[in-house]
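1. starting from these lines, generate the structure:
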Amino acid sequence: MLGMMFTEKECKEFDYLLRKEMDEMLLDMGDRRLDGPVKEAISRRYKIIFRMYARIAPPRELSRYATGLRMQR
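-> Residues are numbered from 1 along each chain as shown. So this is what the prediction gives:
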């Protein structure tokens with residue numbers, strides 16, 4: 001396990017980066033032009049990023065991105 005300490009500003013930036021990355025992945029998952037293996041890779045990556053985000057996000061924000069996990073099935 002790796003531990004890191006962030007300032008408040010760094011934590012907000014990290015939050016922003018994770019949210020934007022998940023938003024992009026959700027858009028990609030909705031793209032009908034992408035085939036199965038590509039969507040599967042995006043789905044695996046989304047789950048990893050979501051778990052990282054879950055450590056710092058408030059519950060209201062977390063539920064917004066948890067719906068993305070259900071969309072992938």
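
2. top helix in the protein by residue count?
-> Criterion DSSP state H: the longest helix present in the chain is helix 8-29.

3. which residues sit against it?
-> Applying Cβ atoms under 8 Å, 6 or more residues apart in numbering, the contact partners of helix 8-29 are 6, 34, 39, 42-43, 45-46, 49-50, 52-53, 56-57, 61, 65, 68, 71-72. Heads up, the C-betas are built off the backbone N, CA and C, glycines and all.

4. and these, which of them are buried?
-> Lys39, Ile42, Ser43, Tyr46, Ile49, Phe50, Tyr53, Ala57, Tyr65, Gly68 (16 or more other Cβ atoms under 10 Å).

5. secondary structure added to those, as a markdown table?
-> Listed next are the buried ones among the contacts of helix 8-29 as a markdown table, based on DSSP: H, G, I helix; E, B strand; the rest coil:
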| residue | secondary structure |
| --- | --- |
| Lys39 | helix |
| Ile42 | helix |
| Ser43 | helix |
| Tyr46 | helix |
| Ile49 | helix |
| Phe50 | helix |
| Tyr53 | helix |
| Ala57 | coil |
| Tyr65 | helix |
| Gly68 | helix |
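
6. switch those over to TSV; also include pLDDT and distance to Lys20.
-> Output for those, formatted as TSV (pLDDT from 0 to 100; distance: Cβ to Cβ, whole Å):
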residue	pLDDT	distance to Lys20
Lys39	92	20
Ile42	94	15
Ser43	92	18
Tyr46	94	13
Ile49	96	10
Phe50	95	13
Tyr53	94	11
Ala57	90	13
Tyr65	89	11
Gly68	69	13
